[in-house]
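J.: Next come a sequence and a model predicted from it.
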Amino acid sequence: SQQGEEDPQALSIQEGENATMNCSYKTSINNLQWYRQNSGRGLVHLILIRSNEREKHSGRLRVTLDTSKKSSSLLITASRAADTASYFCATDGGSQGNLIFGKGTKLSVKP
Amino acid sequence: ETGVTQTPRHLVMGMTNKKSLKCEQHLGHNAMYWYKQSAKKPLELMFVYNFKEQTENNSVPSRFSPECPNSSHLFLHLHTLQPEDSALYLCASSQVQGGQPQHFGDGTRLSIL
């Protein structure tokens, strides 16, 4: 399987805490992306990190990429109840650069 | 508002019915995608259209038939579906095919009786 795997499958934290989610993948990539999905909604693109980048920031999001280990992490700092959602990583390792998604991490942030 | 609109949002149909899902994007993108999302499974890519040409059919059963009349519209025609086809069907678009960020609609929740 070429699919990525997120870890943990579920994460429950208090508001204000940091949340870290990890992603491992199997193929060579040009980029890796993170998406968020709120319940009953579509996926929303959060951030893209290229294979020659090691770290990227966007607001309260910090993404790292280690291509030697084929892994990435997403850190959400100072979490809010509104961050409650499922988070997916996706790599462009599919045929013709199609995205391959993992099963996701379900994050619950309690007020 | 993501710029990608899917209709209907919910659909219940019998196994012998024929129905169609519709997707429309207002982003000027040239690639459009159909995905199937089932509980506890990764998102499954079904079909890809790039500049109106189908470039991917991910071994999808023939009871699912895509149509892309122009770069802004994508349809998924359904007939003689099975109970295991019950899922959330998501449409997405990107500037072109190939590793670009994708914009998703909110999906059609399909239930097969």
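T.: Now that the structure is in, tell me what you want to look at.
J.: CA atoms for contacts and neighbours, from now on please.
T.: Fine.
J.: avg pLDDT for stretch A:42-53?
T.: Mean pLDDT, computed over stretch A:42-53, is 97.
J.: Give me the contact list for that stretch.
T.: A:29-37, A:55-56, A:58, A:63-65, A:67, B:90, B:101-107 (CA atoms under 8 Å, 6 or more residues apart in numbering or on different chains).
J.: Out of those, name the ones that lie in strands.
T.: Of these, the ones assigned to strands by DSSP state E are A:31-37, A:55-56, A:58, A:63-65, B:90, B:103-104.
J.: Show me which of those are buried.
T.: A:31-37, A:63-65, B:90, B:103-104 (16 or more other CA atoms under 10 Å in any protein chain shown).
J.: what's residue 17 in contact with, if anything?
T.: This is for chain A. Residue A:17 makes contact with A:77-79, according to CA under 8 Å, 6+ apart.
J.: ah, no, chain B please
T.: Under the criterion of CA under 8 Å, 6+ apart, the neighbours of residue B:17 are B:79-81.
J.: Pick the one among the residues you listed closest to chain A.
T.: Relative to chain A, the closest of the contacts of residue B:17 is residue B:81; by CA to the nearest CA it sits at 22.4 Å.
J.: what's the burial count for the closest one?
T.: Other residues near residue B:81 number 22, with proximity taken as other CA atoms under 10 Å in any protein chain shown.
J.: can the helix or strand bottoming out on mean pLDDT in chain A be found next to chain B?
T.: Using mean pLDDT, DSSP states H and E, strand A:5-7 stands out as the lowest-scoring helix or strand of chain A, at a mean of 83. No - Strand A:5-7 stays clear of chain B (CA under 8 Å from any CA of the partner chain), getting no nearer than 9.1 Å.
J.: pLDDT averaged over whichever helix or strand comes after that strand - what is it?
T.: Past strand A:5-7, further along toward the C-terminus, the next helix or strand under DSSP states H and E is strand A:10-14. Averaged across strand A:10-14, pLDDT comes to 97.
J.: So for strand A:10-14, what gets flagged as buried?
T.: A:11, A:13.
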